[in-house]
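Participant: got a sequence here, can you model it:
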Amino acid sequence: MCGRFALTATADQTATFLGVGELEEFPARYNIAPTQPILMAVAAPSRPPGSNLPDREALLVRWGLLPAWVKDTRGFPLLFNARSEEAATKPSFRTAMRHRRALVPASGFYEWQQSGPAKGQAYWIRPRHGGLIAFAGLMETWCEPGGSEMDTGALLTTAANPAIAHIHHRMPVVIDEKDFARWLDCRRQEPRDVADLLKSAQPDFFEAVPVSSLVNKVSNMGPEVQNRIEPPGVREAKQKAPSGETPEHKQMSLF
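Facilitator: Here you go, the predicted structure:
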C-alpha cells in the first residue's frame, strides 16, 4: 500500500525527469496524502508532423480515483491505490489501465510497520542513491452531475520486495526511466504488453529510514517529518546496555 509520499524536487528537475514541458514553480511537498492534488504525466494528444511540442504532458489530479460510471461519490470508497494484479480486469480500474496510464513523480514514500490494529513505526522509504522516481499511476476524468469535470488518479501497487516486506506486504510500482514511453503508450501498448513492468523494485533500490509519528498527521508538512529517529526497540536496548557498552558488544560478550 502507499498512503503517503513526498515530492521535494524543483519544478525544473521534475519536468526534465518526466520529459514534459515547463512546469510552474511549486513548493517541496513532504507529506502528500489522499484527496490532495498530485502531479501526473500522461501521453499528450497526437501532435502534427514536425511539431516541437513534447509528447507528454503534466496535469494535477485528485489523489483518489473516481471511475467515470460513478454517479454518487458519497457511497464510493476512496481508491488511492490499485492492485496491479487486478487493474486490467477490475471494473474500477480497467478502463484507465487500458487508456490512461500515467507516471507520478516522487522523492519517496512512507509506510508503517503494523503493530496490532494501530499504526506502528513509520518509515520514510527513499531511493538509496537519491533522485526522483516515477510511480505507475492511473488517471480517470470524472464528470459531476452539474457537468464540470475532475481529473482523478490512483497509484498501482505490487508485492513488496524482501527489503520492504518486514514493514508492509505491498509497495508502489516504480517505472524505470527507460520504460516511460512504453508505459504511457496506450495507443499501441495494451495492458498485457506492459504487464512485465508491474513488478517490485530490486531489493537494494530503496532504503527505509525510521521517522517519528509526525508524518501521521496531514497537517505536518515540513521537512522534519523525514528526520531519522531510533525506533523504540533500539532505543530501549541501548538504555539497558551497561555504560560504554552497545547492545552489539553485550551480545558478543556471551561468546
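
Participant: what about the chain, any weak spots by pLDDT?
Facilitator: For the chain, applying pLDDT under 70 flags the ranges 47-51, 116-118, 232-255.

Participant: switch to 90 and redo it
Facilitator: 1-2, 45-55, 71-75, 114-120, 144-148, 231-255 (pLDDT under 90).

Participant: now do the helices in it.
Facilitator: Secondary structure of the chain (DSSP state H): helices at 11-18, 94-99, 180-184, 232-240, 247-252.

Participant: what residues does the third one touch?
Facilitator: The list of residues contacting helix 180-184 from outside it, by C-beta atoms under 8 Å, 6 or more residues apart in numbering, reads 18-19, 41-43, 56, 101-103, 134, 136, 175, 189, 193-194, 197. (C-beta placed from N, C-alpha, C; glycine too.)

Participant: how about the first one?
Facilitator: Outside of helix 11-18, the residues within contact range by C-beta under 8 Å, 6+ apart are 7, 9, 21-26, 39, 41, 56, 58, 103, 105, 132, 134, 177, 180.

Participant: ok so, going back, the contacts of helix 180-184, buried ones only, as a PyMOL selection?
Facilitator: Applying 16 or more other C-beta atoms under 10 Å to the contacts of helix 180-184, the buried members can be selected in PyMOL as follows:
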select buried, resi 18+19+41+42+43+56+101+102+103+134+136+175+189+194+197
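
Participant: next, count neighbours for residue 113.
Facilitator: 15 (other C-beta atoms under 10 Å).

Participant: sorry, wrong one. I was asking about residue 132.
Facilitator: 18.

Participant: how much space separates it from residue 97?
Facilitator: Computed as C-beta to C-beta, to the nearest Å, the residue 132 to residue 97 distance reads 24 Å.

Participant: hmm, back to that, farthest pair in the contacts of helix 180-184?
Facilitator: The largest separation in the contacts of helix 180-184, counting by C-beta to C-beta, is between 18 and 193 at 21.4 Å.

Participant: not counting residues beside it along the chain, what's closest to residue 191?
Facilitator: The shortest distance from residue 191 to any non-neighbouring residue, by C-beta to C-beta, 6 or more residues apart in numbering, is to residue 88 (4.0 Å).

Participant: for that neighbour, give me phi and psi.
Facilitator: The phi/psi pair for residue 88 (degrees, to the nearest 10) reads phi -80, psi -10.

Participant: quick one, what contacts it?
Facilitator: 94, 97-98, 191-192, 195.

Participant: residue 144 now?
Facilitator: Counting by C-beta under 8 Å, 6+ apart, residue 144 makes contact with residue 150.

Participant: and the gap between it and residue 63?
Facilitator: From residue 144 to residue 63 the distance is 18 Å (C-beta to C-beta).
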